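K.L.:
Pasting a predicted model and its sequence here:
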Amino acid sequence: MNNTSEKPPSQNQSVIGIVGVCAAGKSTLIKGLKEHGIHPRHIAQEHSYVKDMWKRITNPDVLIFLDASFLVTRDRRQIDWTEADWAEQQRRLIHAREHADFYINTDDLTVEQVLERVIDFIKQGSDGEHAPE
């Protein structure tokens with residue numbers, strides 16, 4: 001997937017990948033990060049059967065994983081899917097979640113809170129929340 005609207009990172013800028021289930025807030029986060037001069041790459045791993053597609057396509061220096069519960073994802077976008085569909089996305093994302101540098105569940109957070117936490121993590125390095133075991 002080649003998105004020409006994405007700005008390539010400069011030589012001293014890390015490649016940041018954003019991955020997660022549908023309606024977890026990936027597109028909204030990416031838009032917010034771009035407004036702050038950070039140009040992450042959206043990785044649609046949740047649609048791939050290849051467990052490490054996130055790495056094959058982008059191989060980011062920093063992988064940020066956004067998660068959300070089934071009910072919250074369905075309410076956010078009125079997605080016509082079943083809990084089994086959500087669970088399948090979770091299964092497809094196992095490898096990315098295990099290798100994420102920063103994991104955040106967006107269920108109880110505002111758009112601003114998610115953006116702030118991710119920006120803080122990017123600025124501070126790897127002192128944030130990590131993927132659950």
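P.N.:
Alright, I've got the coordinates.

K.L.:
Can you name the next helix or strand after the worst-scoring helix or strand of the chain on mean pLDDT?
P.N.:
Using mean pLDDT, DSSP states H and E, helix 53-57 stands out as the lowest-scoring helix or strand of the chain, at a mean of 88. Tracing the chain C-terminally past helix 53-57 and defining elements by DSSP states H and E, one meets strand 62-67 next.

K.L.:
Give me the residues contacting that next one.
P.N.:
14-21, 24-26, 29, 40, 54, 93, 96-97, 99-106, 114, 118, 121-122, 131 (CB atoms under 8 Å, 6 or more residues apart in numbering). (Glycine included, C-beta is placed from N, CA and C.)

K.L.:
related to what we said a few turns ago, on contacts alone, who are the packing partners of the least confident helix or strand of the chain?
P.N.:
The contact analysis (3 or more CB pairs under 8 Å, 6 or more residues apart in numbering; DSSP states H and E) places helix 53-57 against helix 94-99.

K.L.:
Show me which positions of the helix it packs on end up buried.
P.N.:
Buried residues in helix 94-99, defined by neighbour count with 16 or more other CB atoms under 10 Å: 95-97.
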